[in-house]
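A.B. asks: structure for this input, please:
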Amino acid sequence: MVAGRRPSLRLVFAMTIAVIGLVATAALAILASRETSERLRRDIGADLAELATHMADNLDRGMYERWRDIQVAAALDGVRDSSPGVRSAAIERLRATYPDYAAILFVPPDGVVQAATIPKVVGADVGKRDYFVEGSKAPFVGDVHDAILLANLLANDPRDPPRFVDLAAPVQAADGSFAGVLAAHLYWSWAEDLERALRRAAHVRHPEIDVFVLARDGTVLLGPRELLKTVPTARSARSAAAGTGGSAVETWADGRTYLSGYTRTSGYRDYPGLGWSVLVRQDADLAFAAVGQMQRRIAIWGALVALLTAVLAWFAAEIVVRPLRTLAGSAAALGRGEPIAVPEGATSEVGQVADALAAAARELDAKERRQQLLIKELNHRVKNTLATVQAMAMLTGRSAPTQEAYRENLEARIMALSKTHNLLTAAAWETVSLHDLLRTELDPYDDRSGRRIVLDGPSVPLSPRVAVPMGLAAHELATNAAKYGALSVPEGCIRVSWRVSDDEAGPRLHLVWKETGGPRVTPPARKGFGSRLLQQGIARDLDGETHLDFAPEGLACRMLVSLGEAQTKPVLPLEPRRGRPAIAAL
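C.D. replies: Residues are numbered from 1 along each chain as shown. Next up is the predicted model:
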């Protein structure tokens, strides 16, 4: 980018802070809106559930009052009097006292109405009606039903017959005997009055609500006219019928989504209740209109805060940018290798950046020195490895009878060296366990039971100086055992044991390789690569000793190895020839 077209640091900083502020404000606004919306939704749902509970409580209390009224009326002297005229007068007085009753009847034990507030009912046989059958035994209340006996006797629209709740109580004569049943048909309109009162009270916070009262079987007893006598399938209706209360957002049969509060009536005092469910629903969009208004207010305030943040960021940017300009000069000086100074009047943070630049310069210098050291170390190890391979190639060539044997032996020894290097690489060329080193070389010769090769000794960490020759020694012993010794026959076994001792020269490893169960052993006619490695290489490389005992019953090899600091000796027992350099140590 052309320097003249680059935006100023102040502009970039101000825009960055403004964007961050905008994003942060938007995120906080969204989070606050979500949290507040959820809380407001729960509160609105709780309000509708509370309205349902209030309606249910009013129904229970209202029914309880009428439940007690019929029982009190049944105990009046005028009702208990055996004179028909006296009873009729008493019943008329009850009718005047309780205008919510469509009719009040007295039915003697024969089931034929003897006295009633509607004369045309007198003489009707109601002996099989529930209110008579059950009311003759105990106080009775029956669920809402359409008028049957009084349907044609009351002045109502025939398309909308009145509906009643039946109440009844037994009447006892003066001598305590059963005199009959006092029954009353309560206008269901009293519940509709409760529903209208509830809607008026809730209109400010919850306009246009629908109140439902459902029978025990789920039939709508009270609610919108088009839903009367239907059975809603909404989840709230099922939950209320199951005896739980709460609120839910749900879709009704008309396809609209409503917020519904629901509960179930439970009776009051000795009034047992009729198992009604009460639902109060409101269109979800209307119910949650306050949520949308609140979200819009939060969005507006969030935008204003973001704008204010952008303005303040522009002025604050200069305060931050001024020392940064000075710091940029310090960074340029760092690139030229000049000393770094903390700008005058800089904040502690800017000073920390300057100090960090100086520290970075020192760290870069240290890393460069470490890199040079690593290169030298890598060069040293590569030379050592190549020297070791060179020595193995030369010594293997001397002892190999054929070209094929030379190739196989050299390949096996290079693989043994590679295995040891793999173990050291996995350990970052620090130390490798003697047990792991031996297992790497000997596991290919062991059987599934693990009893053919036994390793016995403590945990001994080996440095790279010790690990490489010990790995090659273990390979030569294992190869010899596989060709001529214990591993050449199925019943042969090898036991390797070791211990560590301390003396003035430092810690020393005592290792014993013992073969049993193999062919009869005879001393070799000449020394090969393995014998030279064991007897000369261990002594030179590890300041140790090796004793080979070619006993007839099996080879025994005893090694004494120094575990002290690394020595600069060759890894393999290759005598330097005239004109050739000695092999370097690993």
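A.B. asks: helices or strands up against the helix ranked longest in the chain?
C.D. replies: If you go by DSSP state H, the chain has its longest helix at helix 9-74. Secondary-structure packing of helix 9-74 (3 or more C-beta pairs under 8 Å, 6 or more residues apart in numbering; DSSP states H and E): strand 163-172, strand 178-187, helix 189-202, strand 210-214, strand 246-251, strand 257-264, strand 277-283, helix 289-335. In this view, the C-beta of every residue, glycine as well, is placed from N, C-alpha and C.
A.B. asks: CSV for these, including mean pLDDT and distance to Leu76?
C.D. replies: CSV is the format used below for these (pLDDT from 0 to 100; distance: least, C-beta to C-beta, whole Å):
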stretch, mean pLDDT, distance to Leu76
strand 163-172, 91, 9
strand 178-187, 91, 9
helix 189-202, 89, 22
strand 210-214, 93, 31
strand 246-251, 90, 44
strand 257-264, 92, 34
strand 277-283, 91, 33
helix 289-335, 70, 53
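A.B. asks: turn the ones you listed into TSV, including distance to Asp125.
C.D. replies: Below are the helices and strands packed on helix 9-74 laid out as TSV (distance: least, C-beta to C-beta, whole Å):
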stretch	distance to Asp125
strand 163-172	16
strand 178-187	13
helix 189-202	28
strand 210-214	32
strand 246-251	47
strand 257-264	36
strand 277-283	35
helix 289-335	57
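A.B. asks: closest to Ala96 out of those?
C.D. replies: Closest to Ala96 of those is strand 178-187 (C-beta to C-beta; 13.4 Å).
A.B. asks: CA-only coordinates of the closest one, as PDB, when you get a sec.
C.D. replies: The C-alpha coordinates for strand 178-187 follow below in PDB (Å, rounded to 0.1, in the frame of the first residue of the first chain):
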ATOM      1  CA  PHE A 178     -85.800 -39.000  56.400                       C
ATOM      2  CA  ALA A 179     -88.400 -36.500  55.100                       C
ATOM      3  CA  GLY A 180     -87.200 -35.900  51.600                       C
ATOM      4  CA  VAL A 181     -84.700 -34.000  49.500                       C
ATOM      5  CA  LEU A 182     -84.300 -30.300  49.100                       C
ATOM      6  CA  ALA A 183     -82.900 -29.700  45.500                       C
ATOM      7  CA  ALA A 184     -81.900 -26.600  43.700                       C
ATOM      8  CA  HIS A 185     -81.000 -25.800  40.100                       C
ATOM      9  CA  LEU A 186     -78.300 -23.100  40.100                       C
ATOM     10  CA  TYR A 187     -78.000 -20.900  37.000                       C
END
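A.B. asks: and that strand, what's buried?
C.D. replies: For strand 178-187, the neighbour count (16 or more other C-beta atoms under 10 Å) marks 179-187 as buried.
A.B. asks: just the angle for it relative to strand 163-172, thanks.
C.D. replies: For strand 178-187 against strand 163-172, the angle by axes from the mean of the first three to the mean of the last three C-alpha atoms, to 10 degrees is 160 degrees.
A.B. asks: strand 178-187 pairs with which strands?
C.D. replies: Strands that pair with strand 178-187, judged by DSSP bridges, come out as strand 101-107 (antiparallel), strand 163-172 (antiparallel).
A.B. asks: list the contacts of the shortest one.
C.D. replies: Outside strand 101-107, the residues that touch it by C-beta atoms under 8 Å, 6 or more residues apart in numbering are 73, 79, 87, 91, 94-95, 98, 113-118, 121, 126-127, 132, 147, 150, 154, 162, 164, 171, 180-187.
A.B. asks: filter those residues to the buried ones?
C.D. replies: Buried by 16+ other C-beta under 10 Å: 73, 79, 87, 91, 94-95, 98, 113-118, 121, 126, 132, 147, 150, 162, 164, 171, 180-187, out of these.
A.B. asks: can I see the domain layout of this protein?
C.D. replies: By the assignment in automatic domain parsing, the chain contains the domains 7-346, 387-562.
A.B. asks: of all those domains, which one comes closest to Ala356?
C.D. replies: That would be domain 7-346 among these, by C-beta to C-beta, at 9.6 Å.
A.B. asks: can you list contacts of stretch 80-89?
C.D. replies: Contacts to stretch 80-89, defined as C-beta under 8 Å, 6+ apart, come from residues 78-79, 90, 106, 114-115, 171-174, 179.
A.B. asks: apply 10 Å and report the result again.
C.D. replies: 74, 76-79, 90, 106, 108, 114-117, 119, 122, 171-174, 179-180, 182 (C-beta atoms under 10 Å, 6 or more residues apart in numbering).
A.B. asks: ok, and the closest non-adjacent residue to Asp130?
C.D. replies: Gly142 (5.5 Å; C-beta to C-beta, 6 or more residues apart in numbering).
A.B. asks: so who does that neighbour touch?
C.D. replies: 129-131, 134-135, 164-168, 183, 185-186, 274.
A.B. asks: one more pass at 6 Å, please.
C.D. replies: 130-131, 166 (C-beta atoms under 6 Å, 6 or more residues apart in numbering).
A.B. asks: of the residues you listed, closest to Gly62?
C.D. replies: Nearest to Gly62 among those, with distances taken as C-beta to C-beta, is Asp166, at 15.1 Å.
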